[in-house]
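Following is a predicted model, sequence given first.
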Amino acid sequence: MLGGGDIAMLKEIDRGENYLKQEYERVLKDTGISPETRAVAGECFEIVRRGHALVLQIKERLGQAA
């Protein structure tokens, strides 16, 4: 358990998603991967980006409520 409530959990999710975004960006720049792999990585990257945007929205709402 992280402790610290909702904000602490969201900060950790945010940190993890920032890491994933960096890794997907690195992979998508790799010229040695196949078009199929690039397509799958691109789809996964978009899912992470949308999730990250949602976490930021939730953090903002919780911050305003506090």
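That came through fine. Numbers count the residues shown, from 1 in each chain.

Helices along this structure, start to end?
Counting by DSSP state H, the chain has helices at residues 5-29, 35-65.

Give the residue spans of this protein that score low on pLDDT.
Across the chain, the ranges flagged by pLDDT under 70 are 1-3, 64-66.

show me the contacts for the spatially most central residue of it.
The C-alpha lying nearest the average C-alpha coordinate of the chain belongs to Glu17 (C-alpha atoms, centre = their mean; 2.7 Å). Neighbouring residues of Glu17 by C-beta atoms under 8 Å, 6 or more residues apart in numbering: Val48, Gly51, His52, Val55. Quick note: C-beta positions are derived from backbone N, CA and C, even for glycine.

Can you tell me which of those are buried?
For those, a burial check counting by 16 or more other C-beta atoms under 10 Å picks out Val48, His52, Val55.

what residues are up against the nearest residue to Val27 once chain neighbours are set aside?
Setting aside the residues directly before and after it, Val27 is nearest to Ala41 in space (C-beta to C-beta, 6 or more residues apart in numbering), at 5.0 Å. By C-beta under 8 Å, 6+ apart, Ala41 lies in contact with Tyr24, Val27, Leu28, Ile33.

again, but for Val55
Contacts for Val55 (C-beta under 8 Å, 6+ apart) come out as Leu10, Ile13, Asp14, Glu17.

now these: which count as buried?
Leu10, Ile13, Glu17.

distance of the second one from Ile58?
Think Ile13. 9 Å (C-beta to C-beta, to the nearest Å).

Now for the nearest residue to Arg38 once chain neighbours are set aside, how many residues are close by?
In space, and not counting its chain neighbours, Arg38 is closest to Leu28: 6.5 Å by C-beta to C-beta, 6+ apart. When counting by other C-beta atoms under 10 Å, one arrives at 13 neighbours for Leu28.
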